[in-house]
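what follows is a predicted structure for the sequence shown.
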Amino acid sequence: MNTSTDANTLEGRGNTRLPEGANIFSRKVARSGHISFEGRPYFISKTLAGRYIRLIVVADRLIVDTTIPLHKEYPLV
C-alpha cells in the first residue's frame, strides 16, 4: 500500500502536529523487517513484520512512526 497524506489533513483531525510540508506514507513491513521507500530498502524491525507503519517525510529526512501494542498476562497465584 503506497498512500500519501498531506500533514495539514492529519492536523485537522486532532492528530500530532507535523512540520509544514511534511508528507505521510504507509508501508507494510516485510518478513525480513524491511520496507522500501523510493526504491531503496530500509531495515525497520523483524518485530513489526506484517504490520503497517507510518513514514513521515520532512525535507531530506525519513521518519518512521510506529505504535507497538503490548498485551501481557501474569498469573496472580
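Good, I have the coordinates. Numbers count the residues shown, from 1 in each chain.

just for the protein, where's the confidence low?
1-16 (pLDDT under 70).

tell me which residue is most central in it.
Compute the mean C-alpha point of the chain, and by C-alpha atoms, centre = their mean the closest residue is residue 54, 2.1 Å away.

any idea how far that one is from residue 74?
31 Å (C-beta to C-beta, to the nearest Å). For glycine as for every other residue, the C-beta is placed from the backbone atoms N, C-alpha and C.

quick one, strands of the protein?
Along the chain, the segments classed as strands by DSSP state E run 3-6, 23-28, 34-37, 40-43, 52-58, 61-65.

those: which one's closest to residue 17?
Minimum separation from residue 17 across the strands of the chain (C-beta to C-beta) falls at strand 52-58, 11.6 Å.

one step back: can you redo the strands of the chain as JSON lines with distance to residue 17?
Output for the strands of the chain, formatted as JSON lines (distance: least, C-beta to C-beta, whole Å):
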{"stretch": "strand 3-6", "distance to residue 17": "13"}
{"stretch": "strand 23-28", "distance to residue 17": "13"}
{"stretch": "strand 34-37", "distance to residue 17": "23"}
{"stretch": "strand 40-43", "distance to residue 17": "25"}
{"stretch": "strand 52-58", "distance to residue 17": "12"}
{"stretch": "strand 61-65", "distance to residue 17": "13"}
